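Trainee: sequence and predicted structure below; questions after.
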Amino acid sequence: MTNWSIESLNPVQREIVEHKSGPALVIAGAGSGKTRVITHRVAELIHSGIPASSILLLTFTNKAANEMAQRVGRALNNSTEQQKIIHGTYHSVGSRFLRRNAKLLNYQNNFSILDSSDSRDLIKASLAETIGKPGKYFPKSAVLQNIFSLAFNRFCTQQMILDFAYHKRNFHLEQLVSADYPHFSEHIDIILNVLSTYRRKKKSGQVMDFDDLLENWLELLLRHGEGLPLCEQIKYILVDEYQDTNQVQANILYRLSLPHKNLMVVGDDAQSIYSWRGADFGNMLEFPERYKAVTYYMEENYRSTPEILEAANQSINYNTRQFKKNLFSSLADGEKPIVHHVWAAQDEAELVLENILNFRDQDIPLNEMSVLYRNHVQSAALQVVLTHAGIPFVVHSGVKFFEQAHIKDVTAFLKVLFNPLDEISWMRLLRLLPGVGNTTANKIFSVFQNQQAVRLTKENAELQKLIPQKAQESWNLLLEIFQQMLAENVTPSQMINILYHNFYRDVMFSSFENAAQRDTDIRYLEEFSTNYEKLDAFLNELSLVGSSIITEHEAEQQDNQETLTLTTIHQAKGLEWSLVFVIGLTEGMFPHQRSLETEEQIEEERRLFYVAMTRAKKHLLITAPVVSSGYSGGMSQRSRFINELPEEAVDTEIHTRDEYSYGSQSRSTQFYF
């Protein structure tokens, strides 16, 4: 007795579920019922007599794997069968293989797995052992961790794997540093030595980090695959989100499926948007030829109206490297997507607010609305406008723009200018200096408190004695910068510019692994602050916004609280809302400036736009400011992605410069220095 009927599937879905044996590629278009097909496929295999223990189900999150296994159990009315399925992420299943066979790789079976924090600590120890005390702007352990992982995931090519030399070639670290971290190029030899020390320490300490779980699993399969009991046990493999696999994961699957060839991978090449973290788009495109596989196309969309799908289809058709498909829907006709041309980001925010209020009056709750953007920086003006309007919102799976570490670092400098006895801001600022920890920072601030004033001069002997020798250069530089920032009529925007280019930029690039994106954020903060002539008005605004944003946890706890979702498109993948706004469609922002160098990068940006559009069920609004932030060069062209949408596929509204007003605020402020 089962809970599902195969007759409830559409013809293509049923054909996939009943696929007998051999390799198969399933192109599962957005909203086409991918999860339903995977779980039915597993249930059908078990129902036909295939032992559940011989089925491997791989996903990118343990939550997704567990949910699929549970759905299989419910479909079969047999929870014991679901427990027998080998399921999980690549890392969790890899650790299962390694626990049983670690001795084949000269590890003990009780090896430890380093979490992200443990890995950073070991890299920090490796750094200390390799070069002692690094220079002032040498990458910190968190940055090195990201460099090592990205180099492994992005440059570990098939040939490197097959000749078994890849783990001795430092993962082509030079290429990664040159491309993504050019400011560290002068340190490449030291970075390579740190990596070598880190790898030696892991092996001698019998520990593995997350990347080792994949590397060592693949090595195990290459050297001993045919004789491993788990390999002999697994007869059918199903893989979700195959478009997001990297080279290592793809080759693990190849080795696992060699004996039986029963590998079915499911994904959507049009939603491949994670190359920046190592995903290899080519894995999916090359699958049919590599495996001589059957290919199925799931094109019926159960989420969006035909009008939204028509626009999405027209957009993605500009990509040349793809499996051609045409999403269609049996849902009732709806409205065409609307493209709004506005003047600036502030006007865009006012327009979004106006539409939110209008649609809420039409009985669409805030929970069914979302604002999507390419980068968090694009939501800053909107967060301010929503706060003033009293619209509760949650920033999905990401830190609020004004609460990010680098933004808070910069604003800490502004706060101590406004209030010299602000202890929290001083402590944050002082800890940015080399050699200054909590203890030293506390002693320095105690001087400020005792003097009831802050005399930031080199003549302040009591203060100078507390500054560590290694921090003297940075401290003296700060003294000069503070004097520039305190000059008469210096605006908040000018203060940020002075601070960033003379001091904080170097600190940031040595401290954060995604410093290039954070650079964009700081530039936007500088541009955003031009709306405020006085420092107190700017700081008051930031405090107001920061205190009003609802966290994801709070939103989950408040079942009756309706909240609007703000999210990057990357974080929105897999989600859906009745009403979706896609904002910031200007060249240089979307597609992003850093993605304009090659056609391959532009095509990934177009796939990102496709993902954004297909999150909408009934209403899709797209906005394009004519004037974007200063770092994009002031006046901007509308995104090529808008130009590619046929006139008949969308409605277009052009708003004049004076239609929305967002006056700059100016209130007097007083400095205490």
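Mentor: Thanks, I have the structure now.

Trainee: and stretch 332-351, what's buried?
Mentor: Along stretch 332-351, these residues count as buried under the neighbour rule (16 or more other C-beta atoms under 10 Å): 334, 336-351. (Glycine included, C-beta is placed from N, CA and C.)

Trainee: in strands only, show me those residues.
Mentor: Mapping the buried residues of stretch 332-351 onto strands (DSSP state E) picks out I338, V339, H340, H341, V342, W343, A344.

Trainee: P288: which of the residues you listed is nearest?
Mentor: Sorting those by how near they are to P288, with C-beta to C-beta, puts V339 at the top with 36.2 Å.

Trainee: to the chain's geometric centre, what's the distance from whichever helix or strand S126 is part of?
Mentor: Secondary structure assignment for S126, by DSSP states H and E: helix 116-131. Per C-alpha atoms, centre = their mean, to the nearest Å, the displacement of helix 116-131 from the mean C-alpha position of its chain is 25 Å.

Trainee: helix 116-131 and the next helix or strand after that helix, what's the angle between them?
Mentor: With elements assigned by DSSP H and E, the helix or strand that comes after helix 116-131 is helix 141-155. Angle, helix 141-155 to helix 116-131, by axes from the mean of the first three to the mean of the last three C-alpha atoms, to 10 degrees: 100 degrees.

Trainee: what is the mean pLDDT for helix 141-155?
Mentor: Confidence over helix 141-155, taken as the mean pLDDT, stands at 83.

Trainee: so who does the residue nearest the centre of the chain touch?
Mentor: Taking C-alpha atoms, centre = their mean, the centroid of the chain lies closest to H570, which sits 5.9 Å from it. Residues touching H570, when contacts are defined by C-beta atoms under 8 Å, 6 or more residues apart in numbering, comprise I273, Y274, L608.

Trainee: average pLDDT for the helix or strand encompassing the last one?
Mentor: Looking back up the chat, that one is L608. In this structure, L608 is located in helix 599-613 according to DSSP H and E. Mean pLDDT, taken over the full extent of helix 599-613, equals 96.

Trainee: centre of the chain versus that helix, how much separation?
Mentor: 15 Å.

Trainee: next one: stretch 615-628
Mentor: Taking C-alpha atoms, centre = their mean, the mean C-alpha location of stretch 615-628 is offset from the chain mean by 21 Å.

Trainee: which regions of the chain lie under the pLDDT threshold?
Mentor: Scanning the chain for pLDDT under 70 picks out the ranges 1-5, 79, 82, 133-136, 155-172, 397-400, 451-461, 544-560, 628-635, 658-673.

Trainee: identify the single longest strand in it, thanks.
Mentor: strand 616-627.

Trainee: give the buried residues for the helix or strand hosting L463.
Mentor: When secondary structure is defined using DSSP H and E, the element that contains L463 is helix 461-466. Residues L463, L466 are the ones in helix 461-466 that count as buried (16+ other C-beta under 10 Å).

Trainee: now do that helix: distance to the chain's middle.
Mentor: Using C-alpha atoms, centre = their mean, the mean C-alpha position of helix 461-466 is found 43 Å from that of the whole chain.

Trainee: that one - contacts with which helices or strands?
Mentor: The elements that helix 461-466 packs onto, with contact taken as 3 or more C-beta pairs under 8 Å, 6 or more residues apart in numbering; DSSP states H and E, are helix 438-451.

Trainee: for the helix it packs on, which outside residues touch it?
Mentor: With C-beta under 8 Å, 6+ apart as the contact definition, helix 438-451 has outside contacts at 420-421, 423, 426-427, 430-431, 436, 454, 460, 462-463, 466-468.

Trainee: okay, buried residues for it please.
Mentor: Going by neighbour count (16+ other C-beta under 10 Å), the buried part of helix 438-451 is T440, A441, I444, F445, F448.

Trainee: can you check stretch 383-401 too?
Mentor: In terms of neighbour count (16+ other C-beta under 10 Å), stretch 383-401 has its buried residues at 383-387, 391-396, 398, 400-401.

Trainee: wait, which of those is closest to F210?
Mentor: For those, the closest approach to F210 (C-beta to C-beta) belongs to G398, at 21.1 Å.

Trainee: the helices in the stretch 151-300 of the chain, which residues?
Mentor: Secondary structure of the stretch 151-300 of the chain, counting by DSSP state H, counting those that start in this stretch: helices at 158-162, 173-180, 188-204, 210-224, 229-233, 247-257, 282-285, 287-291.

Trainee: now for the fourth one, which elements pack on it?
Mentor: Packed against helix 210-224, as judged by 3+ C-beta pairs under 8 Å, 6+ apart, are the following elements: helix 90-101, helix 141-155, helix 247-257.

Trainee: what's the shortest one packed up against?
Mentor: So that's helix 247-257. Helix 247-257 makes packing contacts with helix 90-101, helix 158-162, helix 210-224, strand 236-239, strand 263-267 when contacts are defined by 3+ C-beta pairs under 8 Å, 6+ apart.

Trainee: most tightly surrounded among the helices of the stretch 151-300 of the chain?
Mentor: Among the helices of the stretch 151-300 of the chain, judged by mean count of other C-beta atoms under 10 Å, the one packed with the most neighbours on average is helix 247-257 (a mean of 22).

Trainee: show me what contacts R607?
Mentor: Counting by C-beta under 8 Å, 6+ apart, the residues that R607 touches are A270, Q271, S272, I273, I316, N319.

Trainee: look up how far N246 lies from the residue nearest to the fifth one when sequence neighbours are not counted.
Mentor: This means I316. Distances taken as C-beta to C-beta, 6 or more residues apart in numbering put Y610 closest to I316, at 4.6 Å, once the chain neighbours are dropped. Here the distance between Y610 and N246 works out to 22 Å (C-beta to C-beta, to the nearest Å).

Trainee: tally of neighbours for T320?
Mentor: Burial measure for T320: 8 neighbouring residues, criterion other C-beta atoms under 10 Å.

Trainee: just to be sure, it is in a helix?
Mentor: No: secondary structure of T320, determined by DSSP: H, G, I helix; E, B strand; the rest coil: coil, with no helix assignment.

Trainee: so who does it touch?
Mentor: For T320, the contacting residues are E599, E603, by C-beta under 8 Å, 6+ apart.

Trainee: does the closest residue to N262 other than its chain neighbours have beta-bridge partners, and which?
Mentor: Once its chain neighbours are removed from consideration, N262 has its nearest residue in Y236; the separation is 4.6 Å (C-beta to C-beta, 6+ apart). Here Y236 sits in beta bridges with I55, as judged by DSSP bridges.
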